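Student: Quick one, what's the 3D model for this:
(chains A and B)
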Amino acid sequence: NAGVTQTPKFQVLKTGQSMTLQCAQDMNHEYMSWYRQDPGMGLRLIHYSVGAGITDQGEVPNGYNVSRSTTEDFPLRLLSAAPSQTSVYFCASRGTDTQYFGPGTRLTVL
Amino acid sequence: GENVEQHPSTLSVQEGDSAVIKCTYSDSASNYFPWYKQELGKRPQLIIDIRSNVGEKKDQRIAVTLNKTAKHFSLHITETQPEDSAVYFCAPSTSGYALNFGKGTSLLVTP
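Tutor: Residues are numbered from 1 along each chain as shown, chains lettered A, B, ... in the order given. This next block holds a predicted model:
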């Protein structure tokens, strides 16, 4: 039981490039979400999904897309990376009560 | 949206002392009140949570108290140890799904 996994662990992009952050969970959780964490800040919700085929926006969705084709996977796409998207990204899934976070992806946009 | 404030932003205590962190929220519909611990370079991990129908919950050295009328809840750590040093976040929620994180409290426990 791997829990929540994220790839890659680190990524450097140039402004304007696109990429997909991967997130997977093996706990059969319906609810998954993406957060970003900037220095000195708490985590801010980007997008979330309450089940396959259902997604919605969180607090800071601009510049990001998501889709949920399976229960296990919830990828986050950056369409045209900007320096303001330099951050640590955490994926999470929720069981009955507890949210479990993945190890994070540290993204730098130059 | 929910406005969440944590105090203090930094806290330094001696080993064995108690530490208290307070979280104030604005949305009266909030009904789930967790505390997360994040060590440097690691993921946030849930350490204790409480629901709105309960006023206090304790787990060994850690406790959470809730005052729904005043819209605040607090994390209490007794007999602090150096391994308690970390950043602590409150994250009240109206659903238990979308969490609204505070900016964090950096706790340092010195031997």
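Student: Which of the residues in stretch B:61-75 are classified as buried?
Tutor: Buried residues in stretch B:61-75, counted by 16 or more other Cβ atoms under 10 Å in any protein chain shown: B:62-66, B:71-75. (Each C-beta comes from the backbone N, C-alpha and C, glycine too.)
Student: now the strands: where do they sit in chain B?
Tutor: B:4-7, B:10-14, B:19-25, B:32-38, B:45-51, B:56-59, B:62-67, B:72-77, B:86-90, B:105-110 (DSSP state E).
Student: what would the ones you listed look like in TSV with distance to chain A and mean pLDDT?
Tutor: Output for these, formatted as TSV (distance: least, Cβ to the nearest Cβ, whole Å; pLDDT from 0 to 100):
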stretch	distance to chain A	mean pLDDT
strand B:4-7	8	96
strand B:10-14	11	98
strand B:19-25	11	98
strand B:32-38	8	96
strand B:45-51	5	94
strand B:56-59	12	95
strand B:62-67	14	97
strand B:72-77	14	98
strand B:86-90	5	97
strand B:105-110	10	97
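Student: Contacts only, for the residue in chain A that chain B sits nearest to.
Tutor: When scored by Cβ to the nearest Cβ, chain A has A:Gly42 as its residue closest to chain B, at 3.0 Å. With contacts defined as Cβ atoms under 8 Å, 6 or more residues apart in numbering or on different chains, A:Gly42 is in contact with B:4, B:89, B:91, B:101-104.
Student: Now with 10 Å, please.
Tutor: A:35, B:4, B:6, B:36, B:38, B:44, B:87, B:89-91, B:99-104 (Cβ atoms under 10 Å, 6 or more residues apart in numbering or on different chains).
Student: So for it, what's the pLDDT?
Tutor: On the pLDDT scale, A:Gly42 is placed at 86.
Student: Name the nearest residue to it, sequence neighbours excluded.
Tutor: B:Phe101 (3.0 Å; Cβ to Cβ, 6 or more residues apart in numbering or on different chains).
Student: Let me know how buried residue 78 is, in neighbour terms.
Tutor: If you meant another chain, say so; for now it's chain A. 20 (other Cβ atoms under 10 Å in any protein chain shown).
Student: try again with chain B
Tutor: With other Cβ under 10 Å as criterion, B:Thr78 counts 14.
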